[in-house]
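# Okay, here's the prediction I keep looking at, along with the sequence it came from:
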Amino acid sequence: MNRILARARRARVRPPRRAARAALFDRAVAEFFMRLALREAAKGLGRTSPNPAVGAVLVRAGRVVARGHHARAGGPHAEVVAIRAAGARARGADLYTTLEPCDHYGKTPPCSIAVIEAGVRRVFVGSADPNPLVNGKGIARLRGAGVEVAEDVLRGECDALNAHWFKYIRERRPYVTLKAAVTLDGRIATRTGDARWVTGEAARRWVHRLRDRVDAVLVGAGTARADDPLLTTRLAGGRGRDAVRVVLDTDLRLPSRLALLNPRSPAPTLVAHASARTRRVRPGVELLRCKRGKGGVDLRDLLAKLAARGVTHLLVEGGARVHARFLEEGLVDRVAVLVAPKLAGADGVPLLAGRGPARMADALRLDEVQVERIGEDVLVIGRPVPAARPARPRARRAPARGR
Ligand SMILES: NC(=O)c1ccc[n+]([C@@H]2O[C@H](COP(=O)([O-])OP(=O)(O)OC[C@H]3O[C@@H](n4cnc5c(N)ncnc54)[C@H](OP(=O)(O)O)[C@@H]3O)[C@@H](O)[C@H]2O)c1
């Protein structure tokens, strides 16, 4: 009797344990290959807009047989690049792709069909594609054709890689990263407006890598005048590409000698203004007329216009008034502040112009904070969250007097 019970207990307990271990193993394997696909995808950052950055790997018998990434809008999608590279080895293989395969005819035919025709056995997907033209249709077609599909593999990482593109698809505006370099006492420049340089070389290299991954870089007229920046991407060995440069110049008053208005870059400079008049500009410079808003150019209107030009990720690089307006308007998705071990004094230029809140409880807070040391500086990255105002008790109506 005891033996029978023991056997029954074993029968009930062991198989699920083995199944759970196998599931854990399968998940670890899937995540391992999805990480490779993510690495592929990252190669396209800053080069694919208005498309997302996507990576794919094809795996057979535990070995990577091909990799691919989407390199530029209009070019083949990551899955197709990998399938072409694999040739006959794609048959029976597993495909790991950071984004759901597309299912519509755009500049290229649907990836879902290419995957089916190549004879891929299983597809592992990271992010779902919110694009209304896809939105589950790619996965449905694959399953309909008998391809096994596993969804949400490293979904968090895959979503984060394309946070800018999700913002653009859902809200038709670019994702905005606000980046600044400050001293320990929160100054972005000295009292004379000198900001060269707040941080060390390693941090400045990091900024160039960031520029390399965004579609556009923006500064205000104050920074254009004070720093006369190039806003190009200077990476070792001439790598990297320049983003579109945007300068806010409400009434087109910036002096024409500025470097931004005399570009030697394949990427254009856009002068965002709100003036009824116009001015002559050099080749490579374009005037972008926007509505007039608080502080000068209406930032929401500008973002809508940049999105219409396919800008999915905008890097705001100062100065103090521009930072303040973007944050006040709630238009910043990510703040990246490089803190240098220096002190510039109370009369230096602050990170944010204007008046701050009266109470610390109302200070703008960052969440999802990451901290990293870069050379002698410290990088703090976070997502701004507006202070939650405590609900005020409703004012009781004063009792009627005199009766
Ligand atoms: N350490 C760093 O990371 C860093 C980075 C950048 C700059 N900086 C420093 O910051 C200082 C410049 O800051 P700043 O506050 O004087 O100037 P700013 O923020 O660069 O530019 C402000 C100007 O931009 C124009 N503008 C147009 N539309 C705007 C809008 N919607 N919101 C805000 N501005 C708008 C306005 O000039 P118009 O009316 O003429 O259009 C405004 O006065 C410089 O000293 C520079 O060196 C430091």
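Now that the structure is in, tell me what you want to look at. Just so you know, these numbers come straight off a predicted model, no measurement behind them.
# what about residue 91, neighbour count?
Applying other CB atoms under 10 Å, we find 12 residues neighbouring residue 91. C-beta coordinates here come from the backbone N, C-alpha and C atoms, glycine included.
# I misspoke; the intended subject was residue 74.
What residue 74 shows, counting by other CB under 10 Å, is a neighbour count of 10.
# That one touches residue 48, doesn't it?
No. If you go by CB atoms under 8 Å, residue 74 and residue 48 don't touch, sitting 9.5 Å apart.
# Enumerate the residues of the stretch 201-350 of the chain near the ligand.
Contacts of the stretch 201-350 of the chain with the ligand, taken as CB under 6 Å from any ligand atom, map to 219-223, 226-227, 248-250, 253, 293, 295-297, 299, 317-322, 325, 349.
# Restricted to strands, list those residues.
219-220, 248, 293, 296-297, 349 (DSSP state E).
# Make TSV from these and add neighbour count to it.
Formatted as TSV, these follow (neighbours: other CB atoms under 10 Å):
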residue	neighbour count
219	23
220	27
248	26
293	16
296	21
297	27
349	24
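# Out of those, the closest to residue 238 would be?
Checking these against residue 238 with CB to CB, the nearest one is residue 219 at 23.7 Å.
# residues contacting the closest residue to the closest one other than its chain neighbours?
In space, residue 219 comes closest to residue 317 once its chain neighbours are excluded; the distance is 5.2 Å by CB to CB, 6 or more residues apart in numbering. Residue 317 makes contact with 179-180, 217-219, 223, 229, 231, according to CB atoms under 8 Å, 6 or more residues apart in numbering.
# Show me which residues of the stretch 51-200 of the chain are close to the ligand?
Of all the residues in the stretch 51-200 of the chain, those lying near the ligand are 180-181, 188-189, 193, 195, 198, going by CB under 6 Å from any ligand atom.
# 8 Å instead, please
Counting by CB under 8 Å from any ligand atom, the residues of the stretch 51-200 of the chain close to the ligand are 179-182, 187-189, 193-196, 198.
# what pLDDT does the closest residue to residue 100 other than its chain neighbours get?
Nearest residue to residue 100 in three dimensions, chain neighbours excluded: residue 129, at 4.1 Å (CB to CB, 6+ apart). pLDDT for residue 129: 90.
# Residue 129 against residue 138, yeah?
Yes. Judged on CB under 8 Å, residue 129 makes contact with residue 138 at a distance of 6.7 Å.
# where does residue 394 land on pLDDT?
51.
# ugh, wrong one, residue 403
Reading off the model, residue 403 has pLDDT 30.
# Kindly report the same for residue 21.
At residue 21, pLDDT is 83.
# And the one 10 residues further on, by the same measure?
You'll see residue 31 listed with a pLDDT of 97.
# nearest spatial neighbour of it, skipping sequence neighbours?
That would be residue 154: by CB to CB, 6+ apart, it lies 5.5 Å from residue 31.
# same question, residue 370
residue 381 (4.7 Å).
# Tell me who's in contact with that neighbour.
334-337, 369-372.
# And it, its phi and psi?
Note on residue 381: backbone dihedrals following degrees, to the nearest 10 are phi -120, psi 140.
# And the strands in the stretch 201-350 of the chain, which stretches?
216-220, 244-248, 269-273, 285-289, 292-293, 296-297, 313-316, 334-340, 349-350 (DSSP state E, counting those that start in this stretch).
# The first one - which strands sit beside it in the sheet, and in what orientation?
What that stands for is strand 216-220. Sheet pairing of strand 216-220 (DSSP bridges) gives strand 244-248 (parallel), strand 313-316 (parallel).
# Could you do the longest one as well?
The strands that strand 334-340 pairs with in its sheet are strand 175-183 (parallel), strand 377-385 (antiparallel) (by DSSP bridges).
# got it, and the fifth one?
The sheet places strand 292-293 alongside strand 296-297 (antiparallel), with pairing taken from DSSP bridges.
# Now the strand it pairs with: average pLDDT?
Here the average pLDDT along strand 296-297 is 98.
# List the contacts of that strand.
By CB under 8 Å, 6+ apart, strand 296-297 touches 221, 248, 250, 272-274, 290-291.
# one more time with 10 Å
With CB atoms under 10 Å, 6 or more residues apart in numbering as the test, strand 296-297 has contacts from 220-221, 246-251, 271-275, 288-291, 302, 321-322, 325.
# same check, this time on stretch 277-287
244-245, 247, 249, 251-254, 256, 260-273, 275, 289, 309.
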